[in-house]
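J.: Compute the structure for the input listed below.
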Amino acid sequence: MIPPGAALRVVGDVHGDSAGFAAAVATDRFIVQLGDLVDDGPDTPGALRIMFDLIDRGRGLFLLGNHDFKLARALRGDAVQRGPGLAATIAALDNATSARALHEITRAPGWLRSGSTIFVHGGFHPAMLTAASAAMRPGRADHLLARALYGQTTGRVTGAGKPERLLAWVDRIPEGHIVYCGHDQRSTNGRPLTLHGRLGGQAVFMDTGAGKGGHLSWIDLPAEVE
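T.: Presented below is the predicted three-dimensional model:
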């Protein structure tokens, strides 16, 4: 978990961009990575090894992202659809990295709360303010972990074949609370995007396209966030 009183660096979706991730973690701050370490980019094994090193030294953690979740399901033998990204990731992993990835992903938290700050990969739900942080379990994700992994969806798919996503959850963030999330690449200027909800809360979208033609972004938070 996050050490009490730690100054934090919040890092967006890595997607196999090991060079960007190495730059992001070159700090004495505690790293909170928002999930989706794997797939798409040039070096998923390298990105995973950087995260493993942070964990081993007590200098960081990552949240469960939907790409990480699917990788772990595949590695434990679940029947999952293996698209080109996942297939390439699995082919690139040696046995030791696969075993460590399965271990770390299955115990990664679905969300974390630090005072009035919430960290989650896909999307917020008010129950996350009081419910214990979920981790991966056998089978598919329950409704709250599904929100954490995938955000809020309509049940329909877009023309690109991806789930249609909603941002109504931003309006349910309480006043004075900030949610740092990844998953949706909402920014149009290469910087993290902040949206303000109707109740006075904020959501900061950190995915700026690392591993997918963009770059990796991070934000430093002072120790007072605790």
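J.: Only C-alpha atoms from now on, for both contacts and neighbour counts.
T.: Will do.
J.: quick check: longest strand of the protein.
T.: In the chain, taking DSSP state E as the definition, the longest strand is strand 152-157.
J.: partner strands of the following helix or strand past that strand, parallel or antiparallel?
T.: If you walk from strand 152-157 toward the C-terminus, the next helix or strand you reach (DSSP states H and E) is strand 163-166. In the sheet containing strand 163-166, the strands it pairs with under DSSP bridges are strand 152-157 (antiparallel).
J.: For His121, which residues are in contact?
T.: If you count contacts by C-alpha atoms under 8 Å, 6 or more residues apart in numbering, His121 has them with 34-36, 63-66, 110-111, 148-151, 180-183.
J.: Likewise for Pro222?
T.: The contact partners of Pro222, taken as C-alpha under 8 Å, 6+ apart, are Ala6, Ala7, Leu8.
J.: In contact with the first one, which residues?
T.: Under the criterion of C-alpha under 8 Å, 6+ apart, the contact partners of Ala6 comprise Arg29, Phe30, Pro222, Ala223, Glu226.
J.: Among those, which one lies nearest to Arg49?
T.: Of all the contacts of Ala6, the one with the least separation from Arg49 (C-alpha to C-alpha) is Phe30, at 16.7 Å.
J.: That closest one: how many residues sit nearby?
T.: Burial of Phe30 is recorded as 21 neighbouring residues (other C-alpha atoms under 10 Å).
J.: Could you find the closest non-adjacent residue to the residue nearest to the spatial centre of the chain?
T.: For the chain, Gly35 is the residue whose C-alpha lies nearest the centre (C-alpha atoms, centre = their mean; 2.1 Å). Nearest non-adjacent residue to Gly35, counting by C-alpha to C-alpha, 6 or more residues apart in numbering: Gly65, 4.1 Å away.
J.: Contacts only, for the one you found.
T.: When the contact criterion is C-alpha under 8 Å, 6+ apart, the partners of Gly65 are Leu34, Gly35, Asp36, Leu37, Gly110, His121, Gly122, Ala148, Leu149, His183.
J.: Check those and tell me the two furthest apart.
T.: Spanning the widest gap among those are Leu37 and Ala148, at 15.4 Å by C-alpha to C-alpha.
J.: what stretches of the chain score poorly on pLDDT?
T.: 138-139, 159-161, 224-226 (pLDDT under 70).
J.: the helices in it, which residues?
T.: 18-24, 44-56, 66-75, 84-92, 95-107, 143-150 (DSSP state H).
J.: Format those helices as JSON lines; extra columns: distance to Asp171 and mean neighbour count.
T.: Listed next are those as JSON lines, based on distance: least, C-alpha to C-alpha, whole Å; neighbours: other C-alpha atoms under 10 Å:
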{"stretch": "helix 18-24", "distance to Asp171": "30", "mean neighbour count": "18"}
{"stretch": "helix 44-56", "distance to Asp171": "32", "mean neighbour count": "19"}
{"stretch": "helix 66-75", "distance to Asp171": "23", "mean neighbour count": "21"}
{"stretch": "helix 84-92", "distance to Asp171": "33", "mean neighbour count": "15"}
{"stretch": "helix 95-107", "distance to Asp171": "30", "mean neighbour count": "16"}
{"stretch": "helix 143-150", "distance to Asp171": "15", "mean neighbour count": "21"}
